[in-house]
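>>> no sequence for this one, just the structure:
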Ligand code: PEP
Ligand code: MG
């Protein structure tokens, strides 16, 4: 039965009315890359590189990183591999990276802000990625909140390419996890190579609830209509420039949320590795036209509770 399930998982997930939804994997290490491949992932939509940095006493060397990226890429055999650059700070403290005390770390020097403040560390990572020269690899920048940050990163990226004499077309994209980006997604879509919505942080920032908060976190819901509106706005902006858009937050792993995401125009879902076979099977029974109607209705509801009740009535 497992063999049959695994074979079925390798088949693409196409809706009953013929729309293909690419199911990719979120991974943190090479073991998960192997499971992703076995589970029928169409690639890796999010490789969280911060775990590499959390496991070591000092920053992993360029060579160590190059080997790690190359090994994971080898496992994926040419399929898409989106490598997210170091997403530290906030709740992910890394002792050897200088960190000032912050009253509100989630609103502090995290993600790309930390990388731009630690240029050499950032450049080492970008060099390690670029040296793979693999065109199926894409570089994704976390916690972007304004275009000037993206442009600064792009300049560093191009300088390194020139230094290394590399002219491969490795794409440079961003995570959409700060509401400012969702609001002006069209402007971003015009400049970046791809965008991926991180619904975990996007929800935290739309709702102003710390995602790690011991009491409040359980009430924060990525199916809140305001979060859906932010996703809808991003989707519309991306479509204006045909910019590849995916969702890589936990929302893309949740069955109830998947029809809404598809209905909002998301064609690439990057999910927890273990959920891929089941979610692909679920998507094969969905109708794209219905998903669009469902998403439209969800956007008109006033609370997350009502969105969930409605979705349960439609898909059970
Ligand atoms: C997100 O914020 O949704 C995301 C995918 O990134 P992380 O959970 O690693 O912050
Ligand atoms: Mg995030």
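Yep, it's here. Worth saying up front: this structure is predicted, and the values here are computed from it rather than measured. Numbers count the residues shown, from 1 in each chain. Ligands and ions are numbered 1, 2, ... in the order given.
>>> which strand is the longest one in the protein?
Longest strand in the chain by number of residues, with DSSP state E as the criterion: strand 20-27.
>>> report the buried residues of it.
Residues of strand 20-27 classed as buried by neighbour count (16 or more other CB atoms under 10 Å): 21-27. Backbone N, C-alpha and C define where each C-beta goes, glycine included.
>>> which single one of these is nearest to ligand 2?
Closest approach between the buried residues of strand 20-27 and ligand 2, by CB to the ion: residue 26, at 10.9 Å.
>>> right, and that closest one touches residue 272 too?
Yes: using CB atoms under 8 Å, residue 26 is in contact with residue 272, at 5.9 Å.
>>> what is in contact with those two at once?
With contacts taken as CB atoms under 8 Å, 6 or more residues apart in numbering, the residues that reach both residue 26 and residue 272 are residue 253.
>>> and residue 284, how far is that from residue 183?
Separation of residue 284 from residue 183 (CB to CB, to the nearest Å) stands at 34 Å.
>>> so residue 5 makes contact with residue 40?
No: contact criterion CB under 8 Å: residue 5 and residue 40 do not qualify, at 9.4 Å.
>>> tell me the mean pLDDT for stretch 15-25?
Averaged over stretch 15-25, pLDDT sits at 98.
>>> start to end distance for it?
19 Å (CA to CA, to the nearest Å).
>>> now do stretch 29-46
11 Å.
>>> buried residues, it. List them.
32-33, 35-37, 39-46.
>>> how about the residues of the stretch 201-316 of the chain by ligand 1?
201, 248-249 (CB under 6 Å from any ligand atom).
>>> okay, now the unreliable bits of the stretch 101-250 of the chain?
Within the stretch 101-250 of the chain, no range satisfies pLDDT under 70.
>>> which strand or helix spans residue 259?
Taking DSSP states H and E as the definition, one finds residue 259 inside helix 258-263.
>>> for that helix, packing partners?
helix 276-284, helix 288-300, helix 304-314 (3 or more CB pairs under 8 Å, 6 or more residues apart in numbering; DSSP states H and E).
>>> can you do 10 Å?
Judged by 3 or more CB pairs under 10 Å, 6 or more residues apart in numbering; DSSP states H and E, helix 258-263 is in contact with strand 20-27, helix 225-240, strand 244-247, strand 268-272, helix 276-284, helix 288-300, helix 304-314.
>>> roughly how far out does that helix sit from the chain middle?
Here helix 258-263 is found 16 Å from its chain centre; the criterion is CA atoms, centre = their mean, to the nearest Å.
>>> residue 149 reaches residue 113, doesn't it?
Yes: counting by CB atoms under 10 Å, residue 113 is a contact partner of residue 149 at 7.6 Å.
>>> hey, what's in contact with both of the two?
By the contact definition CB atoms under 10 Å, 6 or more residues apart in numbering, residue 149 and residue 113 are jointly contacted by residue 143.
>>> of all the buried residues of stretch 29-46, which two lie farthest apart?
Spatially, the most separated pair among these is 40 and 46, at 16.8 Å (CB to CB).
>>> for the protein, which residue is closest to the average position?
residue 248 (3.3 Å; CA atoms, centre = their mean).
>>> and that residue, what does it touch?
Counted by CB under 10 Å, 6+ apart, residue 248 has contacts 24-26, 44-46, 48, 82, 84, 140, 175-177, 196-200, 268-271.
>>> quick check: nearest residue in space to residue 69, chain neighbours excluded?
Spatial nearest neighbour of residue 69, chain neighbours left out: residue 132 (5.4 Å); criterion: CB to CB, 6 or more residues apart in numbering.
>>> repeat for residue 282
Nearest to residue 282 is residue 255, by CB to CB, 6+ apart, at 5.7 Å.
>>> which ones are touching the closest residue to residue 265 other than its chain neighbours?
In space, residue 265 comes closest to residue 235 once its chain neighbours are excluded; the distance is 4.1 Å by CB to CB, 6+ apart. Taking CB under 10 Å, 6+ apart as the criterion, residue 235 is in contact with 176, 182, 185, 195, 197, 245, 247, 261, 263-267, 295.
>>> next, format these as CSV and append neighbour count.
Shown next, in CSV, are those (neighbours: other CB atoms under 10 Å):
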residue, neighbour count
176, 33
182, 24
185, 27
195, 25
197, 31
245, 24
247, 33
261, 27
263, 24
264, 25
265, 18
266, 25
267, 16
295, 21
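>>> sorry, back to before: how about the secondary structure of the residue nearest to residue 282?
Secondary structure, DSSP: H, G, I helix; E, B strand; the rest coil: residue 255 is coil.
>>> that one contacts residue 280, doesn't it?
No: counting by CB under 10 Å, residue 255 does not reach residue 280; the two are 11.5 Å apart.
>>> who's more crowded, those two?
For residue 255 versus residue 280, neighbours defined as other CB atoms under 10 Å are more numerous around residue 280 (24 against 14).
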